[in-house]
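[1] No letters, just coordinates:
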């Protein structure tokens, strides 16, 4: 089994696991509903969540030690999370492949070349982390975390929990005994689908140009041993 096949198996596994954890986060009494499943595990893997939480609360909660393990692995073997684990990255990989699979190899190479716009995500990371870093000088009453606006893991959780899963509550209800409706869900869904459809213009547009978590991994990977 070559490394490409192994990576695809890993991507599919973690995407299905993410969807399952979203599914079992629905309220109710069925075995597939809230029953101690680790529904926050992907958030706990996210180093950007850990950094922002540390800045705003001055505390690294026990569950976020998973993110420390991800940072250590990144420093050892490089930027593995984006292409092997991240469920949002897997969606972009899949849609980008389907959108451009019929193009020539020369055209694919041109689409995947490095662009100056790839540095935008580092400015986005700085912009989102700056308010959290300034919380050291602010009172607890005005502290808040803004990194989740574009961090792919919280964004995907919000999209699944507030916009996509409630669609399955319609008649006949599949997930919850009562239909759920959330204010602003349409906006979250619009952000998600806009990010996905940008792959038809440029493969993995979100990952390469917008993703603040990818920018953080890019910085860490420069220090990696391998």
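    All right, it came through fine. As the structure is a computational prediction, the values presented were derived from the model and not from experiment. Numbering: from 1, shown residues only.
[2] for the helix or strand harbouring residue 158, what is the average pLDDT?
    Residue 158 is located in helix 152-158, with elements delineated by DSSP states H and E. The pLDDT scores in helix 152-158 average 92.
[3] And stretch 68-78, by the same measure?
    Mean pLDDT, computed over stretch 68-78, is 94.
[4] Give the buried residues for that stretch.
    The neighbour-count check on stretch 68-78 (16 or more other CB atoms under 10 Å) flags 70, 71, 74, 78 as buried. For the C-beta atoms, the positions are set from N, CA and C on the backbone; glycine is no exception.
[5] I'd like those residues as a markdown table, with distance to residue 88 and secondary structure appended.
    A markdown table is the format used below for the buried residues of stretch 68-78 (distance: CB to CB, whole Å; DSSP: H, G, I helix; E, B strand; the rest coil):
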| residue | distance to residue 88 | secondary structure |
| --- | --- | --- |
| 70 | 15 | helix |
| 71 | 19 | helix |
| 74 | 17 | helix |
| 78 | 19 | coil |
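[6] Out of these, the closest to residue 186 would be?
    Residue 186 has its nearest neighbour among the buried residues of stretch 68-78 in residue 70, at 32.3 Å by CB to CB.
[7] Give the full set of residues in contact with the closest one.
    Residues near residue 70 by CB atoms under 8 Å, 6 or more residues apart in numbering: 45, 46, 47, 81.
[8] Let's see that with 6 Å instead.
    Contact analysis of residue 70 by CB atoms under 6 Å, 6 or more residues apart in numbering lists 45, 47, 81.
[9] same question, residue 215
    121, 122, 125.
[10] if we go to 10 Å?
    Going by CB atoms under 10 Å, 6 or more residues apart in numbering, residue 215 touches 48, 118-126, 128-129, 209.
[11] Now it: which helix or strand?
    With DSSP H and E as criterion, residue 215 is part of helix 212-221.
[12] gap between that helix and the chain center?
    Relative to the mean C-alpha coordinate of its chain, helix 212-221 is positioned 13 Å out (CA atoms, centre = their mean, to the nearest Å).
[13] quick one: average pLDDT of that helix?
    Averaging pLDDT along helix 212-221 gives 94.
[14] Name the residues of that helix that are buried.
    Counting neighbours by 16+ other CB under 10 Å, helix 212-221 gives 212, 213, 214, 215, 216, 217, 218, 220, 221 as buried.
[15] what's the answer for stretch 18-27, then?
    So stretch 18-27, judged by 16+ other CB under 10 Å, has buried residues 18, 21, 22, 23, 24, 25, 26.
[16] any idea how far the fifth one lies from residue 14?
    Okay, so that is residue 24. 16 Å (CB to CB, to the nearest Å).
[17] Also the fourth one?
    Separation of residue 23 from residue 14 (CB to CB): 15 Å.
[18] next one: the second one
    Between residue 21 and residue 14 the distance, using CB to CB, works out to 10 Å.
[19] what residues are shared contacts of those two?
    Going by CB under 10 Å, 6+ apart, residues that sit against residue 21 and also against residue 14 are 42, 87.
[20] Give me the residue ranges of the chain where confidence is low.
    26-35, 132-145, 168-182 (pLDDT under 70).
[21] can you give me the strands for it?
    Read by DSSP state E, the chain holds no strands at all.
[22] that older thread, ok, of the buried residues of helix 212-221, which one's closest to residue 198?
    residue 214 (14.4 Å).
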